[in-house]
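A.B. asks: Model the structure of this input:
(chains A, B, C and D)
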There are 4 protein chains.
Amino acid sequence: MYQTGMREECGVFGVYNHSDAANMTFYGLHALQHRGQDACGIMAGEGGSYDIHKGPGLVHQVFRDDILQTLTGSIAIGHVRYSITGGSHFHNIQPFIFNFQKKTFGLCHNGNIVNYEQLKEKLEQKGTIFHSDSDSELIAHMMSKDVYESPIDALKRSLVQIVGAFAFIILLNDELYAIRDRNGLRPLSIGRLEDSFIVASETSALDAVGASFVRDVRPGEIVRIDTSGLHSFSYTEETRSELCTMEYIYFARPDSDLGDMNVHDFRKRTGKKLALEHPASADIVMGIPDSSISAAIGFAEQSGIPYEVGLIKNKYIGRTFIEPSKHLRDRAVLLKLAAIRKVVRGKRVVLIDDSIVRGTTLKHITHLLKEAGTKEIHIRIASPQITHPCFYGVDISTTKELVMASTTKEELMEYYQVQSLEFISLEKLRECSFDQGLCTGCFTGNYVTDIFNRDAKEQ
Amino acid sequence: MYQTGMREECGVFGVYNHSDAANMTFYGLHALQHRGQDACGIMAGEGGSYDIHKGPGLVHQVFRDDILQTLTGSIAIGHVRYSITGGSHFHNIQPFIFNFQKKTFGLCHNGNIVNYEQLKEKLEQKGTIFHSDSDSELIAHMMSKDVYESPIDALKRSLVQIVGAFAFIILLNDELYAIRDRNGLRPLSIGRLEDSFIVASETSALDAVGASFVRDVRPGEIVRIDTSGLHSFSYTEETRSELCTMEYIYFARPDSDLGDMNVHDFRKRTGKKLALEHPASADIVMGIPDSSISAAIGFAEQSGIPYEVGLIKNKYIGRTFIEPSKHLRDRAVLLKLAAIRKVVRGKRVVLIDDSIVRGTTLKHITHLLKEAGTKEIHIRIASPQITHPCFYGVDISTTKELVMASTTKEELMEYYQVQSLEFISLEKLRECSFDQGLCTGCFTGNYVTDIFNRDAKEQ
Amino acid sequence: MYQTGMREECGVFGVYNHSDAANMTFYGLHALQHRGQDACGIMAGEGGSYDIHKGPGLVHQVFRDDILQTLTGSIAIGHVRYSITGGSHFHNIQPFIFNFQKKTFGLCHNGNIVNYEQLKEKLEQKGTIFHSDSDSELIAHMMSKDVYESPIDALKRSLVQIVGAFAFIILLNDELYAIRDRNGLRPLSIGRLEDSFIVASETSALDAVGASFVRDVRPGEIVRIDTSGLHSFSYTEETRSELCTMEYIYFARPDSDLGDMNVHDFRKRTGKKLALEHPASADIVMGIPDSSISAAIGFAEQSGIPYEVGLIKNKYIGRTFIEPSKHLRDRAVLLKLAAIRKVVRGKRVVLIDDSIVRGTTLKHITHLLKEAGTKEIHIRIASPQITHPCFYGVDISTTKELVMASTTKEELMEYYQVQSLEFISLEKLRECSFDQGLCTGCFTGNYVTDIFNRDAKEQ
Amino acid sequence: MYQTGMREECGVFGVYNHSDAANMTFYGLHALQHRGQDACGIMAGEGGSYDIHKGPGLVHQVFRDDILQTLTGSIAIGHVRYSITGGSHFHNIQPFIFNFQKKTFGLCHNGNIVNYEQLKEKLEQKGTIFHSDSDSELIAHMMSKDVYESPIDALKRSLVQIVGAFAFIILLNDELYAIRDRNGLRPLSIGRLEDSFIVASETSALDAVGASFVRDVRPGEIVRIDTSGLHSFSYTEETRSELCTMEYIYFARPDSDLGDMNVHDFRKRTGKKLALEHPASADIVMGIPDSSISAAIGFAEQSGIPYEVGLIKNKYIGRTFIEPSKHLRDRAVLLKLAAIRKVVRGKRVVLIDDSIVRGTTLKHITHLLKEAGTKEIHIRIASPQITHPCFYGVDISTTKELVMASTTKEELMEYYQVQSLEFISLEKLRECSFDQGLCTGCFTGNYVTDIFNRDAKEQ
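C.D. replies: Numbering: from 1, shown residues only, chains lettered A, B, ... in the order given. So this is what the prediction gives:
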């Protein structure tokens, strides 16, 4: 079924001037796999001649040896994609390729454009047809008229109209463009490896291919990479850095640096602040693997309560599981997570989680812990209460699905049957980022941009 | 690598108003599989909501059970595709889906548009971006402006500008459009099954789903199928039926009827005419399986020389074979075809083939027959000498690759080391079609339309 | 579920002394694919060190490039298998490998051993454990005691006890053994390619790898192939050649020679005899593809009634099809076979089939022909009435499933709604084989060996 | 290539009397996946009728939905397998199925039999043929003579002769047998779920299916599970519990209990002992994920040095990777592991690893840490120096491959370029197990059994 305004979290990667560009992109996307596991694609070539391969699945599933070998050339861009719909929508898998005036240009996008409908309507009135139902395609049509004569002008003219979150990597005329929205809502970093340039959603992907970090693309900046190196252009003066808080809290890899702050460090700070703001009387501190481990260590350090490993993950989880019988279905969470009985039995546990969205996973885990003999559970959440949807590319698109929008802390505590439940305050969270701006729309409802017909988007 | 003007032979199929439309299309495409084995796709839905699946491979490989079940709705269109390039160009696999003004429309095309470059340039000057590098996408952009308010007008205005070969199935506003070019170069037939309508490249696909033949779409006709039935529109007065001769000679299934003539019957007539025009003194008549069997039977009937099965095909040929060692590579043709020694040994054989393009297959087969002890070989070809490329969707795109364009009959006889080699004359071939018009451009160089910058196309 | 006495038709192939033995076997098995499509395997090596790969599927599906490359060495044996059960019984897929006294030996078997239960019981009383539930494993255990010191003696002692149908290829001590039962019920031929020897179920597989035919393994013969060439041993004096008639009628490829008779020739003779024995007044003669084409041509030649192609097969049939809706299920036969309406409409047709087992396929085809407008149908069967089961490896194991065992010709004619139905007589069939002995147990109930507890086998 | 005495680490699982036995086994094997990722199999059934499926790959890859559904019945056994050879040796994948006297019995084995050659030779002298080249098959042949009349006697008579490590699950006459060697070298636990019994290599697999722990199978014990419950038999009086130390140190999941000791707890104790025995002056303590995390936490707790997460794993590692170019190959370790620069830069790090076998992984990791700016590295190993091979089923089969057998601690420190390198002493390790017996053969060369021709085994 076709849906408009599909929201997704994604990862983008680009290589300029490397003999092995598609292979590099393969490894880069692999390092960004946590940002999207549903589909991926790589476009590679040089001299105006490009080829592409994409499909549903993980990077190493889609790009078998024989396929990767067909992608030659010194320039490549790639994309990993998570989608909330399960279908095999090939036409939405990126990179997108467009043909215009006998040339090919390619596009990768991470983020979500909020005035998509408005811009699309304007284009359609002029007869533009869209191939995908993704907002990402928009920029290509907006700049089509003079994309080749004056790409920078075309980009500027187009970008200034686009409201929302975007990190674009665009391949045009054998030049690579790396672009971020005026608020820098989605991350995009530049690296260097000898004579090659790399662009990636996270610095961990730069590390993965051995590139050294150069700098982040700045909010509102267009970086063009060509044979003479990096060139910086600005398409707007009105910029203010407000990177998505959830990138720090949940999405990014702990070894990535976002805006010069290490993600693991950030998370550890949230744990420390939590320990100060909401102390607990307990025997051990545990985090829910993997994203809450850092905060749990911070909490333990600050509080002096020993950090323990009370939950372990099965690392051989396949992506899909067979529909089990009733008895086994009830135990499905055990396929992914198991409690170490001897660790938790009879203990008062501080259980750290990064955030509460629907609240169902925590229900399973608290049940698991109690079944294993835990005496008390004190939940501490390393982000404030998420009470508003995100319109910038995170898959929490309606207020309805957010348990904290309609439930009190007390009701949830009752539901989980735990001894206490506390969230870090927004104030303390801000301290964790020092003076770095953060988008906190999902906690406050104050979004960094206009949302354009918000009611329709929440349907 | 991106190429413009990619030529291909394809099959199209559409279902209107059947509860099982995608399944029907699956079976219909399966019956059209001989028209394209590289890739296929099905788009299905109703009420403005459509989904699609497509990929490289045969119909039963691409559409596994679970995938087909996701394609619901009472309207469906599908496509099988053969491409001269080996790449995995997802963006060229049809049906194409376009989004415009919150609606979706779908397109399947068989044929080749010769003024593609000219029309594309005009659109690009207005800023249109192409997603595929296929000529098929053109019609969508041409009619975009008023596609929904007045589809018939938009179609008429667009189609009249398009020169070349096309059989289109278009899905728009929950209506199905079936369209042929003014010369009817590519076939398209309409069938009926109770309250459902079916459109297909060949009547054998109608039979495969149990539909009865209604009529062919006429040259220059737009047929709209909607809730009130079939509606006919004409976009030009200048029509003349000139169906591709190679459809009769080689492409179509023998159980299909094209222009009210059965394909097997047509081929048999070519064999009879050949026997009269170029008799041979021989012991047996054999055809190269499968496409030359009908002509061989006709030759045998007319000449009184017994028809024999001297060559058999291995029906378990996989699509790809491992690179064998030198010894085995030389025997590769034996994987597909084997001679029955006891049948051919010591015999004077009339060997019927449908056509000579590159001439290499016949070299292998004559070698095979001589190795099996054939005494004499008299080759009879059921089509005239192919000396000119085709610009209407058949994959013989350059004069260079046509052996008869640069070689005399005598030289080829010498190369094959056979006793005689004769082609049916164009005159006799025309007699086989009675008064039906045929495109004979590949034999004569007289094409039914302007070719538009032919030199560039032959590169 | 485990079943004893599983019956199957198979193909075997072996290569001795070729640098590319596994690849050769791949191509040989491919040429024998018609003898078994359910599973296949190749064992290859030399110097006492062997490796194996096997699995369910067609040869080119099971042996992908990378897998075939792991099978090195100059000796190889392979097997294709058809099984009546659908399960994935890996332990029944051949070649079988056994380990004994630090050596490995391999085994491929085509046929069925009728005193399997008796021999197995004797071995089990001595403590032998069976790994598969296939009769093929028997020979390995019977000869185990002195398999290495005196292989020929061990083979002789074992083979003389085995009753039934067998063509064995055994790999032992880097020597290849090719063996046939005393009646030669299953075929096995020897070929030569320079310094290499090839053994195969059919001569067409020798042709496929470019080997020249040397001779058949004789009934009751053990052929040992070693560094000094071919060596012949006899394990019994009581031999009488009685090759399975159905090999000629149905199983073997038309380009194979069995017992010095070409299969196509044999089939053609059955058609001619049929025309003399049971003439018909008709307009055209048609055979059901592929196995009845040869007989149909013979009938046409003898009768003077024109041979026609009225039924065509879809060559792209996948192995499994999706469960279609009711309407489509009724049309399933159309997926495989289609009638050419213009050929059969209004005609009196002689329809040749090779045999009648369950009788259901002919029901579909006669229905198909009548739906296409056939005026009269005269069925002629190129084998006598099959009224008794086969215990020698053909999958007609119970009287119950044989329509002719319980139905009269007249009843079947009525069921098919055809104008006439005739079978070749056993006497005339014998004339087709000249003085060659044939097993005709399925027509007469007179089997060439004792059947051993026949009632139990028919369950 | 065939090898004798192949060593492997495996996991076994069995279910008795559960309506969903194969599904239960699927989940149980999934929880044991860390014990073997190369291949797996499940045999299921009841009433003497069993079916099996097995193949190379992970549990969720081999057992797709449709396959699992074919495995019905209330009894099932399963096996996951790790093999040191990469080949696709189907005949070595367990469960093994044997047929004897019209009955089927099944076998799963974890461990390694050291007098395999001797026992095999004795059987071969009596004519026994082996199907696999695995030692696991032995027990079936040894007990064959009276396996059905008196299974317990047959088992006792056989087991008393077998020397080495074994945990067997045997399915016989619809009864399940769970057996451990006299030293209990490999673990095997019994669980209960309502009326069903479960047997599994580790208690975590009991947890995974919701079963409660009953007790371990005791060294030298045969447990028979039948319709009347558990029955215990002893096949030898000479038992002494000496469970493999590496099960605690490395193999088992931290949430499993072995011999009533929790694995995570054990590992944590090794870390604490290490901190006391070999303290280090450092800023942070880190463990190599995943198996060294527990010991690192113990070290941190004891030493007071903060525990940190300095290395993270990519959880999307596919099993095979494409051969990268030189530059990328050098970075292969980064695909699996990444250092968090901000955590380790400028720090003095205590790096905990569970053991040193070949020593190459630690070389990569120390390089990685230094590249990330680590100031000092102090390696602490949670097991003593491994200087001798294992003959009981762990894949360290030759002295040659053990770096500590030929290298001094100082040389290795030099090679790693680290500031210190220390191993826990055997004495301290023993303290971690309290009074529980442990096999420490790989540290001392003192094996718990005779090794039988050790020189040949070390080849």
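
A.B. asks: buried stuff in the longest helix belonging to chain A?
C.D. replies: Secondary structure of chain A read by DSSP state H shows that its longest helix is helix A:263-277. Neighbour counts using 16 or more other CB atoms under 10 Å in any protein chain shown place A:263-275 of helix A:263-277 among the buried residues. To be clear about C-beta, it is placed using only N, CA and C from the backbone, and glycine gets the same treatment.

A.B. asks: from the residues you listed, which are also near chain D?
C.D. replies: The overlap between the buried residues of helix A:263-277 and the neighbours of chain D (CB under 8 Å from any CB of the partner chain) comes to A:264-265.

A.B. asks: Make CSV from the buried residues of helix A:263-277 and add distance to chain C and pLDDT to it.
C.D. replies: Shown next, in CSV, are the buried residues of helix A:263-277 (distance: CB to the nearest CB, whole Å; pLDDT from 0 to 100):
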residue, distance to chain C, pLDDT
A:263, 39, 96
A:264, 40, 96
A:265, 45, 96
A:266, 45, 97
A:267, 43, 97
A:268, 46, 97
A:269, 49, 97
A:270, 48, 98
A:271, 48, 98
A:272, 52, 98
A:273, 54, 98
A:274, 52, 98
A:275, 54, 98
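
A.B. asks: Tell me the pLDDT of the closest residue to residue A:313 other than its chain neighbours.
C.D. replies: In space, and not counting its chain neighbours, residue A:313 is closest to residue A:289: 4.9 Å by CB to CB, 6 or more residues apart in numbering or on different chains. For residue A:289, the pLDDT comes out at 90.

A.B. asks: Stretch A:66-76: which residues count as buried?
C.D. replies: Within stretch A:66-76, the residues that count as buried by 16+ other CB under 10 Å are A:67-68, A:71-76.

A.B. asks: Inside strands: which ones of these?
C.D. replies: In strands, defined here by DSSP state E, the members of these are A:75-76.

A.B. asks: Now the element after the longest helix of chain A, going C-ward?
C.D. replies: If you walk from helix A:263-277 toward the C-terminus, the next helix or strand you reach (DSSP states H and E) is strand A:284-287.

A.B. asks: any idea how far residue A:368 is from residue A:361?
C.D. replies: Remark: distance between residue A:361 and residue A:368 (CB to CB, to the nearest Å) = 10 Å.

A.B. asks: How about residue A:143?
C.D. replies: Distance, residue A:143 to residue A:368, using CB to CB: 52 Å.

A.B. asks: related to what we said a few turns ago, check the buried residues of stretch A:66-76 against chain B and report the nearest one.
C.D. replies: Of all these, residue A:67 has the smallest distance to chain B: 7.0 Å, by CB to the nearest CB.

A.B. asks: out of everything not next to it in sequence, what's closest to that closest one?
C.D. replies: Take residue A:67 and drop its neighbours on the chain: the residue closest to it by CB to CB, 6+ apart is residue A:53, 5.4 Å away.

A.B. asks: the strands in the stretch 151-300 of chain A, which residues?
C.D. replies: For the stretch 151-300 of chain A, applying DSSP state E, counting those that start in this stretch gives strands covering A:164-172, A:175-180, A:189-193, A:196-200, A:212-216, A:221-226, A:229-234, A:243-244, A:257-258, A:261-262, A:284-287.

A.B. asks: er, the stretch 301-450 of chain A I mean
C.D. replies: Counting by DSSP E, counting those that start in this stretch, the strands of the stretch 301-450 of chain A are A:311-313, A:337-339, A:348-353, A:376-381, A:420-423, A:438-439.

A.B. asks: So which of these is the most surrounded?
C.D. replies: Most buried of these, by mean neighbour count (mean count of other CB atoms under 10 Å in any protein chain shown): strand A:348-353, with a mean of 26.

A.B. asks: Which strands or helices does that strand pack on?
C.D. replies: The contact analysis (3 or more CB pairs under 8 Å, 6 or more residues apart in numbering or on different chains; DSSP states H and E) places strand A:348-353 against strand A:284-287, helix A:293-303, helix A:360-371, strand A:376-381.

A.B. asks: gap between the longest one and the chain center?
C.D. replies: Right, helix A:360-371. Shown here is helix A:360-371, whose average C-alpha point lies 26 Å from the average C-alpha point of the whole chain (CA atoms, centre = their mean, to the nearest Å).

A.B. asks: Can you dump the C-alpha atoms of that helix in CSV for me?
C.D. replies: Coordinates of the C-alpha atoms in helix A:360-371 are reproduced here as CSV (Å, rounded to 0.1, in the frame of the first residue of the first chain):
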residue,chain,number,x,y,z
THR,A,360,6.2,-3.1,26.1
THR,A,361,9.8,-4.3,26.1
LEU,A,362,10.3,-3.2,29.7
LYS,A,363,7.2,-5.1,30.7
HIS,A,364,8.8,-8.3,29.3
ILE,A,365,12.1,-7.6,30.9
THR,A,366,10.7,-6.8,34.4
HIS,A,367,8.7,-10.0,34.1
LEU,A,368,11.8,-11.9,33.2
LEU,A,369,13.8,-10.5,36.1
LYS,A,370,11.0,-11.2,38.6
GLU,A,371,10.7,-14.8,37.3
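
A.B. asks: touching chain D at all, that helix?
C.D. replies: No - applying CB under 8 Å from any CB, one finds helix A:360-371 out of contact with chain D, separated by at least 9.3 Å.

A.B. asks: got it, and the second one?
C.D. replies: Yes - for a cut-off given as CB under 8 Å from any CB, helix A:293-303 has contacts with chain D, namely A:293-294, A:297, A:300-301.

A.B. asks: nearest to residue C:430, of those?
C.D. replies: Here the nearest of those to residue C:430, counting by CB to CB, is residue A:293; it sits at 83.0 Å.

A.B. asks: any idea how far the residue lying closest to the closest one once chain neighbours are set aside is from residue D:300?
C.D. replies: What sits nearest to residue A:293 in space, not counting adjacent residues and going by CB to CB, 6+ apart, is residue A:287, at 4.3 Å. Between residue A:287 and residue D:300 the distance, using CB to CB, works out to 15 Å.

A.B. asks: Just want to know which of these two has more residues nearby.
C.D. replies: Looking at residue A:287 and residue D:300 with other CB atoms under 10 Å in any protein chain shown, you find the greater number of neighbours at residue A:287, namely 30 against 27.

A.B. asks: Where in chain A is the helix or strand with the lowest mean pLDDT?
C.D. replies: Confidence across the helices and strands of chain A bottoms out at helix A:326-329, with a mean of 57, counting by mean pLDDT, DSSP states H and E.

A.B. asks: just to revisit the earlier point, by mean pLDDT, show me the worst of the helices and strands packed on strand A:348-353.
C.D. replies: Comparing mean pLDDT across the helices and strands packed on strand A:348-353, the lowest value falls on helix A:360-371: a mean of 92.

A.B. asks: tell me what that one is packed against?
C.D. replies: When contacts are defined as 3+ CB pairs under 8 Å, 6+ apart, helix A:360-371 packs onto strand A:311-313, helix A:332-336, strand A:337-339, strand A:348-353, strand A:376-381, helix A:409-416.

A.B. asks: Just put these in TSV and tack on distance to residue C:343.
C.D. replies: Putting the helices and strands packed on helix A:360-371 into TSV (distance: least, CB to CB, whole Å) gives the following:
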stretch	distance to residue C:343
strand A:311-313	66
helix A:332-336	59
strand A:337-339	67
strand A:348-353	73
strand A:376-381	77
helix A:409-416	74
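
A.B. asks: Of all the ones you listed, which one is nearest residue B:208?
C.D. replies: Distances from residue B:208 to each of these were compared using CB to CB; the minimum, 43.2 Å, belongs to helix A:332-336.

A.B. asks: list the contacts for residue A:15?
C.D. replies: Residue A:15 sits next to A:21, A:24-25, A:28, A:74-77, A:196-198 when contact means CB atoms under 8 Å, 6 or more residues apart in numbering or on different chains.

A.B. asks: change it to 6 Å
C.D. replies: Applying CB atoms under 6 Å, 6 or more residues apart in numbering or on different chains, we find residue A:15 in contact with A:21, A:24-25, A:76, A:198.

A.B. asks: Residue A:245 and residue A:436 touch, don't they?
C.D. replies: No - Residue A:245 sits out of contact with residue A:436 when judged by CB atoms under 6 Å, with a separation of 10.1 Å.
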